[in-house]
Structures are given as structure tokens and as C-alpha cells.
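Q: everything below, folded, please.
(chains A and B)
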Amino acid sequence: MIGRMGKALLRDVRHIQIVALSVFLVIQFGWIDFGATPAGVACALGACLLTQTLACRITGAPFDWRSPAITALSIALLLRASTPLWLAAAGMVGIGSKFMLRIDGRHVFNPSGFAIVVMLLSGAGVWISPGQWGTLVWFAALAGLLATLILPSARRADITLAFLASFGALLLWRARLLGDPFAIPLHQASSGALLVFAFFMISDPPTTPNSRLGRVVFAFSVAAVAHGLAFSEQVRPALYFALIALAPLTPLFNRLLPAPAFQWRPVALEGTGV
Amino acid sequence: MTRLASAVRRAAAAAAIAGQLAVGPADAFCGLYVAQADAKLFNTASKVVLARDGDQTAITMSSDYQGDAKEFALVVPVPSFIQRQQIGVVDAATIDHIDVYSAPRLVEMQDPDPCPPPPSNVFGSVSGAAFPTRGAAAPGAPRVKVEANYDVGEYDVSILSAEDNYGLLQWLKAKGYKVPADAAAVLGSYIRQNMRFFVARVNLDRMKLIGAGYLRPLQVRYASPRFLLPLRLGKLNARGAQDLIVFALTRNGRVEATNYPNVKMPSGMDVPLYIKDAFGPFYKAVFDKAAERQNRRPVFVEYAGSLGNCDPCSARPMTGAELNELGARWVDETAAKGAYVTRLHVRYDAQSFPEDIAFEETADASGYQARYILRRPFAGAANCPAGKAYRSALRRAFQTQADALAELTGWASDEIGARMNLTGQSLSSSN
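A: Predicted coordinates for the structure are as follows:
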């Protein structure tokens, strides 16, 4: 039975993402000050699932709880608010954008990223706490998340690796330019928020290019724009702004570099042995 | 901020306050403030006030410099040219006031008579703070442009720009500033980020004329999208661990560090009675232990609260004039409303905090205090069944307090037990 449950779990990488996001949330509840709250998670989940249900009813699309759940958990994890109701608003904005902002039959913006950017720009009582993860949690998370890369269902790990490599290289380049010691780019890269972004947000298959070349170029572009926003323009939540600003590149790349579209459920799990 | 957003925030704040008040007589809102742990406790502590409103920033640096005034010097990187009206001197008493106002506090509560209905108490008291010194620099060589020289109170201030860090280092050394050699890399980093340097030295003649007897805190005001605390130069002079207390003043919400974790100091525990006369060493031990547990990585939050209303107040409230003096110029001088203070405590050494600390103002106005509670047992007869139950519960309470103290401070349990005995809190079951 464990084997069958395991197979069901691994068949869809979203299950693993949900588990990982939930683990991060529990860490925040128990060990991190000024972090995510259960009330926030509840509001985000409620709003996302409700909005998804309503939208599916209106458009006739089949209802799947997994993607809205991931959007809700990501919002609750990354966005802080003076009251949990803002997270409900964020959830509605994110899921709403999935149904309303579409090109070529696909939504353009990663829902949680879009929700975060819109709420930050709206002047609502919300903010991002990039420093709250510390470094030990980061290392533990990295180890856990790297494990997900070896799973066959995570085929689009290339974008995560391309993004982390580009971002890291840019940090090292800046440190060299300024004559800063290695401790500084190391510290700048040791961010739990960066990891969550790399593994769960930029890797989101529906909003990233279908072709491998497209994904790598996209990853580098997001890293470069985020770097510029953070260091030249002093924009704090640079990662999310960069991702949302460059999101329209995805449909463009999909037209210029056609490749098979992503399916959440791959047709066959070749030789997984699980 | 939209009206809807403000309304929702106000409603949430009201709910939070109502929630706290509902907790009951054992809550921290009842009790007498009997002690405060100000920055003086920490021998090598600096105090910095950072006031931020949009892009407007005011940084006030306090120096409890004890040495020869001739040797004093301050070098601070600044993002733009600074005009004379952007510089000022601040009264040290004002900084001491905000220190005492936001310092970790000890609250004393009296256990009621378990037999008849109980009474309740009120509040009071506060204390002050202290600072360390900064490194200095000397003027000198070419490739350093002195963009301006100003007389500011007892200080001679220069605004420097440099194209070359070694040139700047030579210049500083030539003017008699003792700058460590590794300052070159840090200066270089700031130079390449197009920053200038605010350099201050003491003018001994004017200092005698002013007759204050000590070096007053300096304030620089500028506009910049960056909201950060330049630590890196100060770290170079650090011998071992240094403490830094930051008072961040904003309009609405708590300030947090965005590139380091923010950790709350433990708060709300009951502590043994003898701590009343040893609150300073107690808090110092609590902080030492917390910093050690976290490997000195985080920024510790000791206080966050709105300045307009404190009820109860652990110190006389800040006036509008004082807040203006500290750089919070959006505050009406007569009203003292509309400002929020966050007290952050950083312990850094040569290895920790490699980057300057970057801050942001959040929309979190829920408030936080590092607060410890003394419960004075009821001393009367209490000859009723409830009284007997109270006395046996007391023994358990004493043990809980002793355990909490050991956990917080790392002090030995035997020593704690012995000192508690002396103040009538016996841990032995024969009592």
C-alpha cells in the first residue's frame, strides 16, 4: 500500500511541491519569528480554492485542487501581511489572473508571483521578509530540494539550475567588481526565499518556455533583471518583479521555439522502478 | 495607502489590542515597571537612530567616547553630497530617553490574597544607554576630493569623494586617522558604489567653548532609495564582539532587516524575585545566551511599538520635539503622534554580518516588548482551603521560575536555588 501511495505521490510533481511547501510553512510557524501564520495559510487556501472553483464553473474547465493549493501555500509562505485578509485578496488576484490573463490558451503569469507583485504595488499592508530564513534552514532545504531533482517527474529542473547558476554568477561578478570578500556573495546567495523562488516559482511549467533553450535564456534573463533591480534600482522584492515583468517572454519563446507543451501528468513514467 | 487598507489595518490593530487586554490580570498590562536594561549594560555598545520616511533618511550616531578628543574620528559612507543643513548635533539625553523608553523591562506583579478578591497595580520607571567609538581617517593624498568642509558644533566635518581607495586611505592616515589596512577593501567597495564619505573630527577649541563636556551625537540627513546601516567600517575596529543598538523611527510599522534574520528576544517569562536587584546582569546573560545560541547571526528585536500612545508607559513618552530632533521630522512637534519605534540589537564581530544591514519598513504595527515578570507571593495568612492550594502551587511556580531562569541565562541551578532561598523562594519541598 505504501508502494501504491508512493507511486501516486510521485506521479505528479505537484504533490511533492505541496509537501515541501507545507514543511517550510511548519518550520515558519514553529521556529521563525515574524513568519507565516496558520491564519494566513487558511485565508490563502480558502480564497484560492474558492476562486478556482468559481472560475472553473464559469469557464467550464475541470477543477483540480493541486495548482491552487500550491499558489495558496506559496503566497502564505512568501507574503507577509498585517492581517491575513490581505492574503485572501492575494489568492483571489493570483487565481483570477490565471483565468483572465491568457495568451495562446495558457495563462501568462505565475499566479503566486503575480499576486505578490500586485499586492506589493497596491499599497496594501503587505511586505516580503527575505531575510527570515537564516542559513541553516537554507542548507537543509537545499539538500531536501535537490532530492526532488532526481525524480523523473521533475523534468524541468534545467530552469532551476540555469537560474541559480546565473544568479550566483552575477553575485560573484558584482563582488569582484566591488572588491568585496567572498563572504558577501555567499551571504547574498544564502537566502531561503531565493531557493523557494528557484524551485517553486520560476520552475512553474505552464508559465515557462516549452523548449530547453527558451527556458535557459528565460532563466538567465530573470536572473539578470532581478540583479539589476536589486542592486541598481534598490527594489527589494526584485525576484518577483523580474519574473512577472519577463513573463510575456514565455508565449513569445513558445511561438519562436516550438516544443511539446508540458503536461502535469506525463503519459508514462519510464523505468522509475517505484 | 488606500482608505480601505488603512481601515482594515486599524480594525486589525484594535482587535489585537482587545485580544491582549482580554487575557486577564496575569498579563503584562498589569504590574509595576521596576527595572530596565538599557544599552549601558553592554560595554562596547553603540547606539544609532535611523529615521526613515519614504526616501528621507536621518542617521544619528552616538559616541560615548571616553578617550582623548584629539583621537576621535568618525568615517561614514553617504550616498550623496551632504550640505551643511543636512548635518546636526543631537542632545545625548534624547537618545538616552528613547533607549530607556524601549529597553527590555521587568514588571512586578503582586499575587492577590487567594482567599478574598484580589487588587491590581500600575506602572513606572526607566533607564539609559551607552555607545562605543568609531574608527577615524586622515586626509592627505591626491585622488581624494574634499567636496566641503563644515563647522558643526564641536566637530570639523568634511565630505570626501575619492576615486581610489588607497588614495583615500593615505589621505586619512596622513591626517592622523588610525585606519586599519583592511579598510582599503571596504572603502573601495563604497567608492565603486559611488558613495561619498562623511568624516568628522573634534575641534578642541570649539569643544571647550561649547563646554558640554562630552562629544554630542552627530546626525546626517539625506535622501536615498537605500535604507541601510553601514556596519562594515565600524566592524574593522571591533576587537571581539561589539554590540549595536538601532532605534528605527518610521511612520507606521516595524522595521526589519531584509538580509539577516530577525529574532525576537525571549519574553514574557516569570523570573525569581532576586532578579529585581540584578536585572541588568540578568538581561545581559539572557542576551549573551541568545546570541550564542544563534551564533550571532540574527538581528534581535527588543521592542517594536507606536510612540503616540503607550499604556502603560515604562518611561515618560517621547515628545514631538525630541522625535524631530532624532530625525523623525514628519512628527508634529506638539503632538508626538504618528511615529513607530523598533529597537534592534546586533552583536557583531569580524566574521558575522559581512554585509551592511539593509532594512525595510513593514506594515506590521502589532508591537512587541522584551518583558520579564516578577510575581511577589501573597504574604498574609490565607487560612482557607484555597490558601493551602495556593501555597503548594507556589512551590511549583518557584521551580518553574528557576528552570526558566537557568534556560534563559545558562546560570547554574544550584546558584539560582541558593539565591532564591535568600529572598524567601525556597525550592525544597520541606517548606
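Q: for chain B, what's the nearest residue on the stretch 51-200 of chain A?
A: Using C-beta to the nearest C-beta, the single residue of the stretch 51-200 of chain A nearest to chain B is A:G125, 3.4 Å away. In short, each C-beta sits where N, CA and C put it, glycine included.
Q: and the gap between that residue and A:T83?
A: Counting by C-beta to C-beta, to the nearest Å, the separation of A:G125 from A:T83 is 7 Å.
Q: over to B:C115?
A: Distance, B:C115 to A:T83, using C-beta to C-beta: 44 Å.
Q: same check, this time on B:R239
A: Going from B:R239 to A:T83 by C-beta to C-beta gives 46 Å.
Q: between those two, who's got more neighbours?
A: Taking other C-beta atoms under 10 Å in any protein chain shown, B:R239 and A:T83 do not tie; A:T83 has more neighbours (23 against 8).
Q: that one against A:V126, yeah?
A: No - at 9.5 Å, A:T83 and A:V126 do not qualify as touching, with contact defined as C-beta atoms under 8 Å.
Q: name the nearest residue to the one residue in chain B that gets nearest to chain A, sequence neighbours excluded.
A: In chain B, the residue that lies nearest chain A is B:A363 (3.4 Å; C-beta to the nearest C-beta). Closest residue in space to B:A363, ignoring its immediate chain neighbours: A:G125 at 3.4 Å, by C-beta to C-beta, 6 or more residues apart in numbering or on different chains.
Q: equivalent analysis for B:R196, please.
A: Here the residue nearest B:R196, using C-beta to C-beta, 6+ apart, is B:S161, at 4.7 Å.
Q: neighbours of A:L121, how many?
A: Around A:L121 there are 11 residues (other C-beta under 10 Å).
Q: make that B:G88, sorry
A: 18.
Q: ok but it is inside a strand, no?
A: Yes - in this structure, B:G88 lies within a strand as judged by DSSP: H, G, I helix; E, B strand; the rest coil.
Q: element containing the residue nearest to it when sequence neighbours are not counted?
A: Closest residue to B:G88 apart from its sequence neighbours, by C-beta to C-beta, 6+ apart: B:Q219 at 4.6 Å. If you go by DSSP states H and E, B:Q219 is part of strand B:218-223.
Q: quick one: mean pLDDT over that strand.
A: For strand B:218-223, the mean pLDDT works out to 94.
Q: give me the phi and psi for the residue nearest to B:R196.
A: phi -130, psi 150 (degrees, to the nearest 10).
Q: same deal with B:G213?
A: Here B:G213 shows phi and psi, under degrees, to the nearest 10, equal to phi 90, psi -10.
Q: for A:P185, helix, strand, or coil?
A: Classification of A:P185 by three-state DSSP places it in helix.
Q: and the closest residue to it other than its chain neighbours, how many neighbours?
A: With C-beta to C-beta, 6+ apart as the criterion, A:P185 has its nearest non-adjacent residue at 3.9 Å, and that residue is A:L171. A count of nearby residues for A:L171, using other C-beta under 10 Å, gives 21.
Q: I appreciate the help and will end here.
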